[in-house]
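>>> have a look; sequence and predicted model below, questions after that.
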Amino acid sequence: MQKVKSTNLYLNLFFFILLFSFFLISCQSNTTNTKKVKDQKNKINNLSQEIDKPSIEDKLKQQIYSVLNIDKNEKIDLKIYFEQLNDDNIKDAIVTVNRLEKAIEHASINKHTAKRAELGFLGGFNYFFFYDGKNDRLSIPVVIASSAKAPLKVEFLQLENNSYKNISIEYKIRNSAFKNFYLLNKNELRLVFQWKMYDKIGLEEYEAYFLEMKKGNYSLVNDIYIYKGIISNYKKNIEDVYKYQPNIINSKELYYHFFFDPNKWKYVTQDKPKTTL
């Protein structure tokens, strides 16, 4: 009799342990499933937020359309160039906008289409903006009076001896091209230098210049040396002067030497022309 009771006790204990183990496994399984469901919901919510959140490109486009009062049906050429342009180690951007369609419309309204077309629809239809990545701030538009048939050309160069880049904007007026150099002063764009790169393209006699940057003699900003340029394989029969990109090489004939004056916050020179083009 005692043996039967002992056996029953062991059986009851065994079933209790088995039931408790099953309960633990069941709870653990439920917890794991709950965690998986929660993780999946979080991923879906995060994905939804990413879809709803506009990209920086879309955000910039929306702001620029608003600032320039551009109709949604107007065709424009908008380009965004990302680069580190100050010392905060965060990517910034230069945004260019070309409104050739608006320029043509403006010329037709004023009944000067033929004359404006001859000048490449000259006017204030090329813009650029500076975007400060750290502060998420877009500058006011900088209008470059130029031929609308040629969009602005952006180049990043090293004027200052820093880890970040500086800004060069090239624009065209009929058969000539110019470059503007900009530095940031307290996160505001400052035009510090301007020069004609070439002129009289398509004619027998042309002008061309080659620019070279060297270590500054008077400040931490690089000096600019301007030489007479030679366009390699030049042909005067150019189909489209607005798309033309000449290869300008250095003739080694020095024309000007400019240095940066920190008091005036621009490039100056003490030279007189050393050669005549």
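Right, received. Where do you want to start?

>>> quickly find the element holding the spatially most central residue of the chain.
Taking Cα atoms, centre = their mean, the centroid of the chain lies closest to Tyr81, which sits 1.9 Å from it. Using DSSP states H and E, Tyr81 maps to strand 77-83.

>>> which residues in the stretch 101-250 of the chain form strands?
122-132, 137-138, 142-147, 153-157, 166-173, 176-185, 188-199, 207-214, 223-231, 248-261 (DSSP state E, counting those that start in this stretch).

>>> how about TSV for these, with mean pLDDT and mean neighbour count added?
Where C-beta positions appear, they are placed from N, C-alpha and C, glycine not excepted. As requested, the strands of the stretch 101-250 of the chain are exported to TSV (pLDDT from 0 to 100; neighbours: other Cβ atoms under 10 Å):
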stretch	mean pLDDT	mean neighbour count
strand 122-132	97	21
strand 137-138	96	14
strand 142-147	98	19
strand 153-157	97	15
strand 166-173	98	21
strand 176-185	97	19
strand 188-199	97	16
strand 207-214	97	17
strand 223-231	98	19
strand 248-261	97	16
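
>>> for those strands, give me TSV that also has distance to Ile104.
TSV is the format used below for the strands of the stretch 101-250 of the chain (distance: least, Cβ to Cβ, whole Å):
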stretch	distance to Ile104
strand 122-132	9
strand 137-138	27
strand 142-147	12
strand 153-157	21
strand 166-173	17
strand 176-185	21
strand 188-199	25
strand 207-214	29
strand 223-231	30
strand 248-261	30
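
>>> for the strand holding Tyr81, which outside residues touch it?
57, 60-61, 64, 91-98, 100, 151, 154, 156, 164-165 (Cβ atoms under 8 Å, 6 or more residues apart in numbering).

>>> swap the cut-off to 6 Å and go again
Glu57, Lys91, Ala93, Ile94, Val95, Thr96, Val97, Asn98, Pro151, Val154, Phe156, Lys165 (Cβ atoms under 6 Å, 6 or more residues apart in numbering).
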